[in-house]
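>>> Compute the structure for the input listed below.
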Amino acid sequence: MTTTAQRSGVGASVPEALESGFAACVAAGDLEGIVRLYAADAVVSLPRGREAAGSAAIRAAFAAALAAGALGPVGVPAPAVTARVVVTGGLAMTTSTTADGTVHTQVARRTDDGRWVWVRDGSRLRDVEACFPAPSGDLAVA
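Numbers count the residues shown, from 1 in each chain. So this is what the prediction gives:
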């Protein structure tokens, strides 16, 4: 049985919609929208082998990246991407390629209410040094 903390408006109805939801949130500067695409216990890889584990750390990492303009300026649409999704039962691998050839790969799972959330993001912030927030203890070291 999947155990994912339920939050209002969490995830997407299908795993294919996670990437477009992420792009829309980045374009709008919607930090909370980004965080809602991830499970409460998700892990996001950061530079230098570090990881953001859980909603608070993921929020801090994406807040810092957005504030630094590392994900694109607010109000400017994200670059077009091609996306591929492979679903096996309650898990899905989502892969997207941006216009510049950068590949992002995540693992998603279906929640108890049938929504999809990312649980592992190994590439989106891996090379974004700006994602390190001010020291607060919210980041887990891998």
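>>> my guess is Val10 meets Arg36, correct?
Yes. Using CB atoms under 8 Å, Val10 is in contact with Arg36, at 5.0 Å. Bear in mind the C-beta positions are built from the backbone N, C-alpha and C, glycine included.
>>> Can you check the pLDDT for the closest residue to Glu16 other than its chain neighbours?
In space, and not counting its chain neighbours, Glu16 is closest to Val85: 5.1 Å by CB to CB, 6 or more residues apart in numbering. For Val85, the model assigns a pLDDT of 94.
>>> Touching, Arg59 and Leu31? I think so.
Yes. Counting by CB under 8 Å, Arg59 sits close enough to Leu31 to count as a contact (6.6 Å).
>>> And the helices in this structure?
Assigned by DSSP state H, the helices in the chain fall at 16-28, 31-36, 55-67.
>>> among those, which is nearest Gln106?
helix 16-28 (7.3 Å; CB to CB).
>>> buried set for the closest one?
Glu16, Ala17, Leu18, Glu19, Gly21, Phe22, Ala23, Cys25, Val26, Ala27 (16 or more other CB atoms under 10 Å).
>>> What of stretch 38-46?
For stretch 38-46, the neighbour count (16+ other CB under 10 Å) marks Tyr38, Ala39, Ala40, Ala42, Val43, Val44, Ser45, Leu46 as buried.
>>> if you look at those, which of them are in strands?
Tyr38, Ala39, Ala40, Ala42, Val43, Val44, Ser45 (DSSP state E).
>>> can you redo those as JSON lines with pLDDT and distance to Ser55?
Listed next are these as JSON lines, based on pLDDT from 0 to 100; distance: CB to CB, whole Å:
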{"residue": "Tyr38", "pLDDT": "97", "distance to Ser55": "7"}
{"residue": "Ala39", "pLDDT": "97", "distance to Ser55": "8"}
{"residue": "Ala40", "pLDDT": "96", "distance to Ser55": "5"}
{"residue": "Ala42", "pLDDT": "97", "distance to Ser55": "8"}
{"residue": "Val43", "pLDDT": "97", "distance to Ser55": "11"}
{"residue": "Val44", "pLDDT": "96", "distance to Ser55": "11"}
{"residue": "Ser45", "pLDDT": "94", "distance to Ser55": "16"}
